[in-house]
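K.L.:
need a structure here:
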Amino acid sequence: MKRSLALALSALVIALYCLLPFLWFVLTSLKTPAELAAIPPRLVPSLHWGFYQSALFDHGLARYIGNSLIVAGTATLISITVGSMAAYAISRFQLAWTRFYLLALLAISMFPQIAIAGPVWNILNHLDWLNTYHGLVTAYIALSLPLAIWILTTFFREVPVEIEEAALIDGCSRLQVLRKVVLPLAAPGILTAALLVFIHTWNEFFFALIIMTDPDIQTLPVGIALFPGEYTMPWGEIAAASTLATLPLIFLTLFFQRGIVRGLSAGAVKG
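P.N.:
Have a look, this model is predicted:
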């Protein structure tokens with residue numbers, strides 16, 4: 001009993017520690033300008049919504065949200081589509097170089113962004129893809145695809161081969177087996193991989209900063225970081241924008257919570 005209580009209290013403390021920065025930003029976004037500058041700080045806000053209105057309409061937050069949705073959604077869709085086919089091939093066709101290929105993918109996904117920023121920028125510059133949606137999407141696919149393949153390969157290996165063999169005997173092609181049999185059975189894993197890729201591309205800052213220099217097509221993290229202030233930083237607007245940028249990820253995680261848990265736990269126990 002005491003051990004269970006100690007574990008529950010520890011989990012509560014850790015949760016509060018992780019949520020404290022986000023809660024502080026939420027409370028800050030709901031304060032008035034006077035409360036924001038008050039010393040000592042006022043913990044309970046007056047539920048002032050002016051910072052949200054200013055962030056959305058004066059600082060162009062709605063445009064940044066739209067840009068991030070386009071880039072993150074497209075990169076996620078392409079990465080999961082291509083990654084699913086590649087992961088299925090790796091999981092079913094046991095080639096001599098499969099293990100080396102997976103290790104190479106894992107190593108590529110661990111490259112520091114600053115190490116590949118120059119070559120990526122030069123390639124996009126020669127293609128005249130700077131300040132374009134497809135240029136940033138291409139960079140994000142290159143960053144996300146190795147991780148997606150690595151994750152999806154594990155899930156596809158858990159799909160029984162006998163089910164696929166039965167579908168092949170019934171006349172299905174390999175592509176039909178993938179589309180009608182494997183993908184539905186691996187849906188929790190695909191959902192988990194898609195959400196991880198989406199979160200990564202939604203929050204990515206460095207490549208968005210160097211590739212998208214046009215304010216009209218900048219993504220959410222860059223737009224918030226470059227909020228203009230005449231004499232001081234607009235902390236209230238930044239807090240409101242950060243809250244709005246985080247809420248979609250929270251809602252997605254909560255909505256797909258059951259599928260994410262199933263996906264993360266798939267393959268943990270065999271037999």
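K.L.:
So L61 sits against A239, correct?
P.N.:
No - counting by C-beta atoms under 8 Å, L61 stays clear of A239, with 12.0 Å between them. Every C-beta, even on glycine, is put in place using the N, C-alpha and C of the backbone.
K.L.:
residue ranges for the helices of the stretch 151-271 of the chain, please.
P.N.:
Here the stretch 151-271 of the chain has its helices, by DSSP state H, counting those that start in this stretch, at 161-169, 174-177, 183-185, 187-203, 206-211, 220-225, 235-255, 257-265.
K.L.:
residues making contact with the third one?
P.N.:
What that stands for is helix 183-185. Helix 183-185 is contacted by residues 84, 159, 163, 190 when judged by C-beta atoms under 8 Å, 6 or more residues apart in numbering.
K.L.:
Then stretch 8-23?
P.N.:
243, 246.
K.L.:
Run the chain-centre distance for it.
P.N.:
In terms of C-alpha atoms, centre = their mean, to the nearest Å, the centre of stretch 8-23 is found 22 Å from the chain centre.
K.L.:
what about it, average pLDDT?
P.N.:
For stretch 8-23, mean pLDDT is 87.
K.L.:
can I get the CA coordinates of it in CSV?
P.N.:
This file holds the C-alpha atoms of stretch 8-23, laid out as CSV (Å, rounded to 0.1, in the frame of the first residue of the first chain):
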residue,chain,number,x,y,z
ALA,A,8,1.4,7.6,-7.3
LEU,A,9,2.9,10.6,-5.6
SER,A,10,6.1,10.3,-7.6
ALA,A,11,4.1,10.1,-10.9
LEU,A,12,2.0,13.2,-9.8
VAL,A,13,5.2,15.2,-9.0
ILE,A,14,6.8,14.3,-12.3
ALA,A,15,3.6,15.1,-14.2
LEU,A,16,3.3,18.5,-12.5
TYR,A,17,7.0,19.2,-13.2
CYS,A,18,6.5,18.4,-16.9
LEU,A,19,3.2,20.4,-17.2
LEU,A,20,4.4,23.4,-15.2
PRO,A,21,6.0,25.4,-18.2
PHE,A,22,2.9,24.8,-20.3
LEU,A,23,0.5,25.8,-17.4
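K.L.:
re earlier: and the helices of the stretch 151-271 of the chain: which comes nearest V120?
P.N.:
helix 206-211 (7.0 Å; C-beta to C-beta).
K.L.:
what bits of the protein have low per-residue confidence?
P.N.:
1, 229-231, 259-271 (pLDDT under 70).
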